[in-house]
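S.K.: Okay, sequence plus prediction incoming.
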Amino acid sequence: MTQQTIERGTRWLTQAGLRPTRQRVALATLLVGDGQDRHVTAESLFDAAGAGAESVSLATVYNTLRAFCDAGLLREITVDGAKSYFDTNMTDHPHFYWEDTAELSDAPADQLEISRLPQAPDGAEIASVDVVIRLRRG
């Protein structure tokens with residue numbers, strides 16, 4: 001990790017009002033330090049952290065990802081009701097889910113058209129719409 005990537009991760013945290021602890025900075029740097037958007041699972045982030053200088057437990061990774069989501073830094077996308085991916089791109093956009101590799105990637109938002117949604121039940125409002133397009137290699 002370079003000083004520039006660490007500073008980018010630290011800024012990302014402080015702009016959201018999160019205290020930049022050593023472990024948060026290490027995970028934030030892995031997530032946004034290079035300026036690229038990414039999709040991670042808790043396990044893949046744990047593995048990446050273990051490959052670096054910062055040792056964190058899997059429980060800490062889960063708790064930190066939850067704190068990042070609560071602070072509006074990450075978006076959680078759940079596939080199959082069980083596997084969670086965390087996206088650093090907070091804009092509204094669809095995703096491709098590759099069934100053979102269990103990878104999630106961005107799909108082109110400008111090619112998606114949703115012309116009508118069902119009306120929400122009384123007393124509820126639609127908070128968001130997640131679109132996951134499942135792919136398998138042909």
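M.R.: Okay, I see it. Numbers count the residues shown, from 1 in each chain.
S.K.: how much space between residue 109 and residue 69?
M.R.: Using Cβ to Cβ, to the nearest Å, one obtains 21 Å as the distance from residue 109 to residue 69. C-betas here are computed from N, CA, C, even on glycine.
S.K.: Between these two, tell me which one has more neighbours.
M.R.: residue 69 (15 against 12; other Cβ atoms under 10 Å).
S.K.: Can you give me the distance of that one to residue 54?
M.R.: Taken as Cβ to Cβ, the span from residue 69 to residue 54 is 20 Å.
S.K.: Likewise for residue 22?
M.R.: Counting by Cβ to Cβ - residue 22 and residue 54 are separated by 7 Å.
S.K.: what about those two, which has more around it?
M.R.: residue 54 (16 against 9).
S.K.: Could you measure from the more buried one over to residue 64?
M.R.: From residue 54 to residue 64 the distance is 11 Å (Cβ to Cβ).
S.K.: Identify the contacts common to the two.
M.R.: 23, 27 (Cβ atoms under 8 Å, 6 or more residues apart in numbering).
S.K.: which residues of the chain fall in strands?
M.R.: Here the chain has its strands, by DSSP state E, at 39-40, 75-79, 83-87, 95-98, 103-106, 132-135.
S.K.: Give me the buried positions along the last one.
M.R.: This points to strand 132-135. Using 16 or more other Cβ atoms under 10 Å as the burial criterion, the residues of strand 132-135 that qualify are residue 132.
S.K.: pLDDT averaged over it - what is it?
M.R.: Averaging pLDDT along strand 132-135 yields 95.
S.K.: Could you list the alpha-carbon positions for that strand in PDB?
M.R.: C-alpha atoms of strand 132-135 as PDB (Å, rounded to 0.1, in the frame of the first residue of the first chain):
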ATOM      1  CA  VAL A 132     -29.100  -8.900 -10.900                       C
ATOM      2  CA  ILE A 133     -28.800 -10.500 -14.300                       C
ATOM      3  CA  ARG A 134     -27.600 -14.100 -14.000                       C
ATOM      4  CA  LEU A 135     -25.200 -15.300 -16.700                       C
END
